[in-house]
Each structure stands twice: as C-alpha cells, then as structure tokens.
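> Quick one, structure for this:
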Amino acid sequence: MSAHIRPATPDDAAALVSLLEDIARERIHTAIDAPWSADVQRRYILDQSPREAIHVAESPDGAMLGYQVLALCAASIPSMSHVGQLGTFLAPNARRLGIGRALFTATLAFAGAHAYRKFVIQVRSSNSAAQAFYQSFGFTPCGLYSRHVLIDGVEDDEVLMEYFLDR
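Numbering: from 1, shown residues only. Predicted coordinates:
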C-alpha cells in the first residue's frame, strides 16, 4: 500500500480523531482510551511550536492511514529542548506495510532540521509489535513505568524507549 506523507493541517483534525478512536477501541495499541474531540485536536495542531510536527499518511484516495507526532519532551525546560516525545498511530489495515517507516523517515528529517538529538517514547508492555517496530529503528528500552495504564480494569506497564539521532 502506498502512502503520501505530509504535515498535518487543522483540516485533518476530525480524521485524526476518527483514526485514534478506531485504535483506542482495540484497547491494546495505545494508552489513550478516550481521544480528544476534533476541536481540541484542531487547537493542538494550531498551537504546535515550529519545532513540533505531526506527519500524516494518506492513501492515494485521501483516506487517513496513520500519523506520527513529534512534540517537545519538556517544552519549558531549556536543558531538554533537544529531546522529542514521539507517538505513532496506524490504522489496523495500514500496519506492517511500511507506512510507519515512511512516517518515521519524515519525522527524522524534520527532527534533524530542528536541533533534536534524542527521541523518547512510551509503549505499552503488552504491545510487543510496537516495541519491535521501534527497536527496528534502533530504539532501546531504558526503563519501565509499572502498572502505568489502567483500561477496562486491566493494568499494563509502559516501556520507556529512547533513540539517539547521532547513532
């Protein structure tokens, strides 16, 4: 499946929320169990700093296949301005087709042009596919938040992973 990768715009808000709602219903691929409204998502896109990005992947017919968020890890702490927090969200029919890799390539190019040196991400410990996805790029586990997610009465840990851009 081919995908067109581009920066998100405020007009993408409803499609991003719809995609995240589908993923959240699966109850395994994200700690997000109640996505924002389209209005909140639209404001989030508009309020991003010039050093933050959301890249979207669209099918040739314009369907939203996934997106990847790069946010400052600690925007108010200058000594951490080189660290970005990453999040990747793929539609079920878009997984294992290279779309996540294409999103990461776009995010990596953006990060290189905006003085990032490191990415961090939290991945649910029960989501071994996502852990393997990030490890395929060179992310390494570096910690664990025990019993950090509680969805439908079920606790899950979050694996902390990091990636150094100068590797």
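> Beta-bridge partners for Ile5, please?
Note on Ile5: beta-bridge partners by DSSP bridges are Ala57.
> wait, it sits on Ser59?
No. Between Ile5 and Ser59 there is no contact, the gap being 11.6 Å when judged by CB atoms under 8 Å. All C-beta spots, glycine's among them, are computed from the backbone N, C-alpha and C.
> which one of these two has more residues nearby?
Using other CB atoms under 10 Å as the criterion, Ile5 and Ser59 rank with Ile5 on top: 20 against 16.
> Please report how far that one lies from Gly143.
Distance, Ile5 to Gly143, using CB to CB, to the nearest Å: 30 Å.
> likewise Ala106?
Separation of Ala106 from Gly143 (CB to CB) stands at 27 Å.
> Who has more neighbours out of these two?
Ala106 (18 against 11).
> That one: helix or strand, and which one exactly?
helix 99-112 (DSSP states H and E).
> for that helix, which positions count as buried?
Buried positions in helix 99-112, judged by neighbour count with 16 or more other CB atoms under 10 Å: 99-100, 102-104, 106-108, 110-111.
> which of the residues you listed lies closest to Glu52?
Using CB to CB, Phe110 comes nearest to Glu52 of the buried residues of helix 99-112, at 9.2 Å.
> My guess is that closest one contacts Pro50. True?
No. Taking contacts as CB under 8 Å, Phe110 lies outside contact range of Pro50: 10.5 Å.
> This protein: helices as residue ranges?
For the chain, the helices defined by DSSP state H occupy 13-26, 38-47, 99-112, 128-135.
> Give me the neighbour count for Asn127.
Count around Asn127 with other CB under 10 Å applied: 17.
> same question, the one 10 residues further on
Using other CB under 10 Å, Phe137 has 15 neighbouring residues.
> show me the contacts for it.
104, 163 (CB atoms under 8 Å, 6 or more residues apart in numbering).
> before we move on, what about the one 10 residues further on?
Residues in contact with Arg147 (CB under 8 Å, 6+ apart) are 155-157.
> hmm, which of those are the buried ones?
156-157.
> With respect to Ala75, which of the contacts of Arg147 is nearest?
Asp157 (26.2 Å).
> Could you check the pLDDT of the closest one?
As predicted, Asp157 sits at a pLDDT of 95.
> I'd assumed His148 was in contact with it.
Yes. Counting by CB under 8 Å, Asp157 touches His148, with 6.0 Å between them.
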